[in-house]
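In: return a 3D structure for these sequence lines:
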Amino acid sequence: MKKPIDQRVKTTMEQFEALHAANAKTRSTSKTVTVSKEALTNILMDHSMMVGELEGR
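Out: As a prediction, this is how the structure comes out:
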């Protein structure tokens with residue numbers, strides 16, 4: 001597995017780009033998109049960490 005963008009960030013650049021690509025190739029009328037569970041988990045953990053920082057936790 002490739003290294004994350006930064007030590008504090010769980011999502012690798014490869015995962016980040018794959019998530020964007022999956023979203024871009026999905027039709028605008030679709031309500032779902034299929035992505036890697038690991039990539040989704042990592043980006044959710046990154047988002048939670050970011051929100052915690054912004055809220056001063």
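In: what about Val33, how many neighbours?
Out: By the criterion of other C-beta atoms under 10 Å, Val33 has 13 neighbours. C-beta here means a position set from N, CA and C on the backbone, and glycine is covered the same way.
In: leaving out the residues flanking it, which one is nearest to Val35?
Out: The spatial neighbour of Val35 that comes closest, neighbours along the chain excluded (C-beta to C-beta, 6 or more residues apart in numbering), is Ala22 at 4.9 Å.
In: pretty sure that neighbour sits against Ser30.
Out: No: taking contacts as C-beta atoms under 8 Å, Ala22 lies outside contact range of Ser30: 10.9 Å.
In: which one's more surrounded, the two?
Out: Neighbour totals were compared for Ala22 and Ser30, and Ala22 leads with 15 against 10 (other C-beta under 10 Å).
In: show me what contacts the more buried one?
Out: Listed by C-beta atoms under 8 Å, 6 or more residues apart in numbering, the contact partners of Ala22 are 33-35.
In: could you list the low-confidence segments of the protein?
Out: 1, 3-5, 57 (pLDDT under 70).
In: quick one: the helices in this structure?
Out: Assigned by DSSP state H, the chain shows helices spanning 13-25, 37-55.
In: tell me what the longest one is packed against?
Out: What that stands for is helix 37-55. For helix 37-55, the contact count by 3 or more C-beta pairs under 8 Å, 6 or more residues apart in numbering; DSSP states H and E identifies helix 13-25 as packing neighbours.
In: now the helix it packs on against helix 37-55, angle please.
Out: Counting by axes from the mean of the first three to the mean of the last three C-alpha atoms, to 10 degrees, helix 13-25 lies at 100 degrees to helix 37-55.
In: just give me how far helix 13-25 sits from the chain centre.
Out: 8 Å (C-alpha atoms, centre = their mean, to the nearest Å).
In: just the CA atoms of that helix, as CSV, please.
Out: What follows is helix 13-25, C-alpha atoms only, in CSV (Å, rounded to 0.1, in the frame of the first residue of the first chain):
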residue,chain,number,x,y,z
MET,A,13,-3.3,9.8,-2.8
GLU,A,14,-4.1,6.7,-4.8
GLN,A,15,-7.3,6.1,-2.8
PHE,A,16,-8.2,9.8,-3.0
GLU,A,17,-7.9,9.8,-6.8
ALA,A,18,-9.8,6.5,-7.1
LEU,A,19,-12.7,8.0,-5.1
HIS,A,20,-12.8,11.0,-7.3
ALA,A,21,-12.6,8.8,-10.4
ALA,A,22,-15.4,6.6,-9.2
ASN,A,23,-17.6,9.6,-8.5
ALA,A,24,-16.8,11.2,-11.9
LYS,A,25,-17.7,8.1,-13.9
